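Q: The sequence and its predicted three-dimensional model are supplied below.
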Amino acid sequence: MSFSIPAMRQKLAGLKGVMIDLETFDTEPSAAWYALAAREFVFGQDPGEPEIDADDAVFDVESPDFLLYAEPTIMLQHRKFTRSEATLTWTLGNNMIELERAYRQGMDPYTAMSNFRQWMLRVNPDYIVANSPSFDCMKVHHSCNVLDIPRDFCHYQKEFDVRTLRTVLEILGHPKYGPKENTRLHSPLDDCTLQIRDLNRFFDVIEGGHMGTTAE
(Lines give C-alpha, C1' and ligand atoms only; values in the text may rest on other atoms or scores of the structure.)
Protein backbone atom coordinates (compact mmCIF):
# COMPACT_ATOMS: atom_id res chain seq x y z
CA MET A 1 0.00 0.00 0.00
CA SER A 2 1.45 3.40 -0.98
CA PHE A 3 1.65 6.18 1.60
CA SER A 4 -0.04 9.43 0.64
CA ILE A 5 0.58 12.60 2.63
CA PRO A 6 -2.51 14.40 1.23
CA ALA A 7 -4.64 11.37 2.09
CA MET A 8 -3.23 11.37 5.63
CA ARG A 9 -3.96 15.08 5.99
CA GLN A 10 -7.53 14.59 4.81
CA LYS A 11 -8.02 11.68 7.18
CA LEU A 12 -6.65 13.60 10.16
CA ALA A 13 -8.82 16.62 9.41
CA GLY A 14 -11.89 14.45 9.84
CA LEU A 15 -10.88 13.04 13.24
CA LYS A 16 -11.92 14.60 16.52
CA GLY A 17 -10.07 13.84 19.72
CA VAL A 18 -10.25 14.60 23.41
CA MET A 19 -7.05 14.96 25.44
CA ILE A 20 -7.51 14.31 29.14
CA ASP A 21 -5.31 14.93 32.16
CA LEU A 22 -5.82 14.32 35.88
CA GLU A 23 -3.99 15.47 38.99
CA THR A 24 -4.03 12.75 41.61
CA PHE A 25 -2.98 11.63 45.08
CA ASP A 26 -1.66 8.26 43.91
CA THR A 27 -0.35 6.60 40.75
CA GLU A 28 -2.61 3.53 41.00
CA PRO A 29 -5.76 3.17 38.86
CA SER A 30 -7.76 3.58 42.09
CA ALA A 31 -6.13 6.94 42.88
CA ALA A 32 -8.00 9.78 44.49
CA TRP A 33 -7.88 12.77 42.17
CA TYR A 34 -8.47 16.46 42.65
CA ALA A 35 -8.40 17.95 39.14
CA LEU A 36 -9.82 16.66 35.85
CA ALA A 37 -9.24 18.53 32.60
CA ALA A 38 -9.92 17.78 28.95
CA ARG A 39 -9.67 19.59 25.63
CA GLU A 40 -11.55 18.90 22.41
CA PHE A 41 -9.34 19.09 19.33
CA VAL A 42 -9.04 18.16 15.64
CA PHE A 43 -6.06 16.00 14.79
CA GLY A 44 -3.28 17.99 13.15
CA GLN A 45 -4.64 21.38 14.26
CA ASP A 46 -3.29 23.48 17.10
CA PRO A 47 -5.93 23.82 19.84
CA GLY A 48 -4.99 27.38 20.81
CA GLU A 49 -5.10 28.42 24.44
CA PRO A 50 -7.86 27.19 26.78
CA GLU A 51 -11.03 29.23 27.16
CA ILE A 52 -11.47 28.30 30.82
CA ASP A 53 -9.97 30.36 33.65
CA ALA A 54 -8.53 27.82 36.09
CA ASP A 55 -9.17 30.22 38.97
CA ASP A 56 -12.87 30.31 38.12
CA ALA A 57 -13.64 26.96 36.52
CA VAL A 58 -17.30 26.78 35.51
CA PHE A 59 -18.89 23.81 33.76
CA ASP A 60 -20.16 24.57 30.25
CA VAL A 61 -21.14 21.51 28.25
CA GLU A 62 -20.77 23.44 24.96
CA SER A 63 -17.21 24.59 25.68
CA PRO A 64 -14.30 22.90 23.85
CA ASP A 65 -12.53 22.76 27.21
CA PHE A 66 -13.39 21.00 30.45
CA LEU A 67 -11.97 21.62 33.92
CA LEU A 68 -13.45 20.73 37.29
CA TYR A 69 -11.99 20.07 40.71
CA ALA A 70 -12.99 17.43 43.24
CA GLU A 71 -12.94 18.46 46.89
CA PRO A 72 -9.66 16.96 48.20
CA THR A 73 -10.95 16.16 51.69
CA ILE A 74 -13.82 14.09 50.27
CA MET A 75 -11.50 12.22 47.91
CA LEU A 76 -8.86 11.51 50.55
CA GLN A 77 -11.44 10.17 53.00
CA HIS A 78 -13.25 7.98 50.44
CA ARG A 79 -12.53 4.32 51.19
CA LYS A 80 -12.54 3.25 47.54
CA PHE A 81 -9.98 5.80 46.36
CA THR A 82 -6.34 5.37 47.27
CA ARG A 83 -3.56 7.74 48.26
CA SER A 84 0.18 7.35 48.66
CA GLU A 85 2.42 9.28 50.99
CA ALA A 86 5.02 9.68 48.23
CA THR A 87 2.50 11.29 45.86
CA LEU A 88 1.07 13.47 48.63
CA THR A 89 4.56 14.69 49.46
CA TRP A 90 5.25 15.37 45.78
CA THR A 91 1.97 17.29 45.41
CA LEU A 92 2.65 19.47 48.44
CA GLY A 93 6.07 20.29 47.05
CA ASN A 94 5.26 20.69 43.36
CA ASN A 95 1.58 21.33 42.73
CA MET A 96 0.20 23.53 45.49
CA ILE A 97 -1.38 25.96 43.02
CA GLU A 98 -3.69 23.26 41.64
CA LEU A 99 -4.32 21.77 45.08
CA GLU A 100 -5.33 25.16 46.47
CA ARG A 101 -7.67 25.62 43.51
CA ALA A 102 -9.22 22.26 44.34
CA TYR A 103 -9.82 23.30 47.96
CA ARG A 104 -11.40 26.58 46.81
CA GLN A 105 -13.49 25.25 43.91
CA GLY A 106 -13.78 21.55 44.55
CA MET A 107 -17.13 19.79 44.35
CA ASP A 108 -18.22 16.31 45.24
CA PRO A 109 -16.60 13.76 42.88
CA TYR A 110 -19.94 12.37 41.68
CA THR A 111 -21.02 15.76 40.33
CA ALA A 112 -17.63 16.41 38.75
CA MET A 113 -17.49 13.05 36.99
CA SER A 114 -21.16 13.22 35.96
CA ASN A 115 -20.48 16.58 34.35
CA PHE A 116 -17.46 15.10 32.57
CA ARG A 117 -19.62 12.28 31.23
CA GLN A 118 -22.18 14.80 29.95
CA TRP A 119 -19.41 16.82 28.27
CA MET A 120 -17.87 13.72 26.69
CA LEU A 121 -21.21 12.54 25.32
CA ARG A 122 -21.66 15.96 23.71
CA VAL A 123 -18.16 15.93 22.16
CA ASN A 124 -18.40 12.26 21.08
CA PRO A 125 -14.72 12.03 20.07
CA ASP A 126 -13.29 9.52 17.64
CA TYR A 127 -10.36 8.97 20.02
CA ILE A 128 -9.56 9.66 23.66
CA VAL A 129 -5.92 10.55 24.14
CA ALA A 130 -3.80 10.91 27.27
CA ASN A 131 -0.14 11.08 28.11
CA SER A 132 -0.64 7.51 29.37
CA PRO A 133 -4.13 5.95 29.28
CA SER A 134 -3.01 3.50 31.97
CA PHE A 135 -2.69 6.54 34.22
CA ASP A 136 -5.45 8.98 33.27
CA CYS A 137 -8.09 6.84 31.57
CA MET A 138 -7.92 4.04 34.10
CA LYS A 139 -8.61 6.51 36.90
CA VAL A 140 -11.67 7.76 35.05
CA HIS A 141 -12.85 4.16 34.61
CA HIS A 142 -12.32 3.42 38.31
CA SER A 143 -14.14 6.59 39.35
CA CYS A 144 -17.16 5.72 37.23
CA ASN A 145 -17.27 2.22 38.70
CA VAL A 146 -16.99 3.48 42.28
CA LEU A 147 -19.43 6.36 41.86
CA ASP A 148 -21.95 4.30 39.83
CA ILE A 149 -21.69 6.50 36.73
CA PRO A 150 -22.24 4.86 33.32
CA ARG A 151 -19.04 4.40 31.32
CA ASP A 152 -20.81 4.87 28.01
CA PHE A 153 -18.55 7.80 27.10
CA CYS A 154 -15.22 5.97 27.16
CA HIS A 155 -13.90 2.67 25.85
CA TYR A 156 -10.41 1.19 25.78
CA GLN A 157 -10.61 0.64 22.00
CA LYS A 158 -10.75 4.43 21.51
CA GLU A 159 -7.83 5.24 23.80
CA PHE A 160 -4.20 5.79 22.92
CA ASP A 161 -1.24 7.65 24.36
CA VAL A 162 1.13 10.49 23.54
CA ARG A 163 4.05 8.99 25.46
CA THR A 164 4.65 6.22 22.90
CA LEU A 165 4.67 8.66 19.98
CA ARG A 166 7.00 10.99 21.87
CA THR A 167 9.34 8.06 22.47
CA VAL A 168 9.31 7.20 18.76
CA LEU A 169 10.30 10.79 17.96
CA GLU A 170 13.14 10.57 20.46
CA ILE A 171 14.36 7.31 18.87
CA LEU A 172 14.30 9.08 15.48
CA GLY A 173 16.57 11.77 16.88
CA HIS A 174 14.06 14.51 17.65
CA PRO A 175 14.08 16.37 20.99
CA LYS A 176 12.07 14.69 23.73
CA TYR A 177 9.78 17.70 24.03
CA GLY A 178 8.78 20.31 21.52
CA PRO A 179 8.87 24.04 22.27
CA LYS A 180 6.72 24.92 25.27
CA GLU A 181 5.04 28.30 24.99
CA ASN A 182 3.65 27.82 28.49
CA THR A 183 5.88 27.19 31.49
CA ARG A 184 3.12 26.48 34.03
CA LEU A 185 3.79 22.93 35.19
CA HIS A 186 1.14 20.39 36.18
CA SER A 187 -1.82 22.59 35.37
CA PRO A 188 -4.07 19.96 33.78
CA LEU A 189 -5.46 22.22 31.04
CA ASP A 190 -1.94 23.33 30.15
CA ASP A 191 -0.78 19.71 30.15
CA CYS A 192 -3.60 18.86 27.71
CA THR A 193 -2.50 21.68 25.41
CA LEU A 194 1.14 20.63 25.44
CA GLN A 195 0.23 16.98 24.86
CA ILE A 196 -1.93 17.87 21.86
CA ARG A 197 1.03 19.80 20.45
CA ASP A 198 3.33 16.85 21.09
CA LEU A 199 0.85 14.64 19.22
CA ASN A 200 0.82 17.07 16.30
CA ARG A 201 4.61 17.18 16.33
CA PHE A 202 4.52 13.47 15.50
CA PHE A 203 2.46 14.27 12.41
CA ASP A 204 4.86 17.13 11.61
CA VAL A 205 7.68 14.63 11.33
CA ILE A 206 5.67 12.23 9.19
CA GLU A 207 4.52 14.93 6.82
CA GLY A 208 7.75 16.88 6.74
CA GLY A 209 6.68 19.83 8.85
CA HIS A 210 3.37 20.78 7.27
CA MET A 211 1.03 19.60 10.02
CA GLY A 212 0.32 20.98 13.46
CA THR A 213 -0.18 24.61 12.53
CA THR A 214 -2.94 26.73 13.97
CA ALA A 215 -6.23 26.35 12.10
CA GLU A 216 -7.36 29.36 10.12
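A: Everything's here; your move.

Q: sec struct for Pro175, please.
A: Secondary structure state of Pro175, per DSSP: H, G, I helix; E, B strand; the rest coil, is coil.

Q: Equivalent analysis for Tyr69, please.
A: strand.

Q: measure it to Trp119 for me?
A: According to CB to CB, to the nearest Å, Tyr69 and Trp119 sit 15 Å apart. Where you see a C-beta, it was placed from the backbone N, CA and C, and this is true even at glycine.

Q: Among the two, which residue is more densely surrounded?
A: Ranked by neighbour count (other CB atoms under 10 Å), Tyr69 and Trp119 place Tyr69 first, with 26 against 22.

Q: Tell me what the more buried one is bridged to.
A: Counting by DSSP bridges, Tyr69 forms beta bridges with Ala35.

Q: ok, which stretches of the chain are helices?
A: 5-13, 72-77, 85-94, 96-105, 109-123, 136-147, 162-171, 188-207 (DSSP state H).

Q: now those as a markdown table including distance to Asp21 and mean pLDDT?
A: A markdown table is the format used below for the helices of the chain (distance: least, CB to CB, whole Å; pLDDT from 0 to 100):
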| stretch | distance to Asp21 | mean pLDDT |
| --- | --- | --- |
| helix 5-13 | 22 | 72 |
| helix 72-77 | 17 | 96 |
| helix 85-94 | 15 | 91 |
| helix 96-105 | 11 | 95 |
| helix 109-123 | 12 | 98 |
| helix 136-147 | 6 | 96 |
| helix 162-171 | 10 | 88 |
| helix 188-207 | 4 | 88 |
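
Q: Done for today, thanks.
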